[in-house]
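1. pasted the sequence and its predicted model underneath.
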Amino acid sequence: MTHVIAQPCISVKDKACVDVCPVDCIHGKDADPQLFINPNDCIDCTLCVDACPVSAIFAEEDLPAEWKAFAQTNRAYFQS
Ligand code: SF4
Ligand code: SF4
């Protein structure tokens, strides 16, 4: 399991989640539209969920139907 950053992060990117993640698994460059969670490193602590001001972060299994694709978007970011 992992947590996933979905649509609401796009254009917000305030990095509040980065500050609270105990394993530093949330990444993104300035040019990226959003931040991404490395599924290989996330320990599902949920701290980022509460820190996000726009409720963009979900446990993968709890992603809303319209944002299911973000699981792969996050995963793919770390496969390149
Ligand atoms: S759930 Fe915890 S470990 Fe996973 S990205 Fe969020 S803060 Fe980091
Ligand atoms: S806290 Fe939420 S909006 Fe801010 S960078 Fe993280 S996921 Fe994006």
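-> Everything's here; your move. Ligands and ions are numbered 1, 2, ... in the order given.

2. quick one: name the residues of the protein near ligand 1.
-> Counting by CB under 6 Å from any ligand atom, the chain comes close to ligand 1 at 3, 20-21, 23, 25-26, 37, 42-48. Quick note: C-beta positions are derived from backbone N, CA and C, even for glycine.

3. cutoff 8 Å now
-> Contact residues (CB under 8 Å from any ligand atom) of the chain with ligand 1: 2-3, 17, 20-26, 37-38, 41-49, 51, 57.

4. for residue 43, which residues are in contact?
-> Taking CB atoms under 8 Å, 6 or more residues apart in numbering as the criterion, residue 43 is in contact with 22, 23.

5. filter the residues of the chain next to ligand 1 to the buried ones?
-> 2-3, 17, 21, 25-26, 37-38, 42, 48-49, 51, 57 (16 or more other CB atoms under 10 Å).

6. what stretches of this protein score poorly on pLDDT?
-> For the chain, residues meeting the criterion pLDDT under 70 lie at 80.

7. up against ligand 2, what does it have?
-> 5, 8-9, 12-18, 26, 28, 34-35, 48, 51-57.

8. now do the strands in the protein.
-> 3-5, 26-27, 36-37, 57-59 (DSSP state E).

9. so what touches the lengthiest helix in the chain?
-> Assignment by DSSP state H gives helix 70-77 as the longest helix of the chain. Applying CB under 8 Å, 6+ apart, the contact partners of helix 70-77 are 2, 4-7, 27-28, 32, 36-39, 60, 63.
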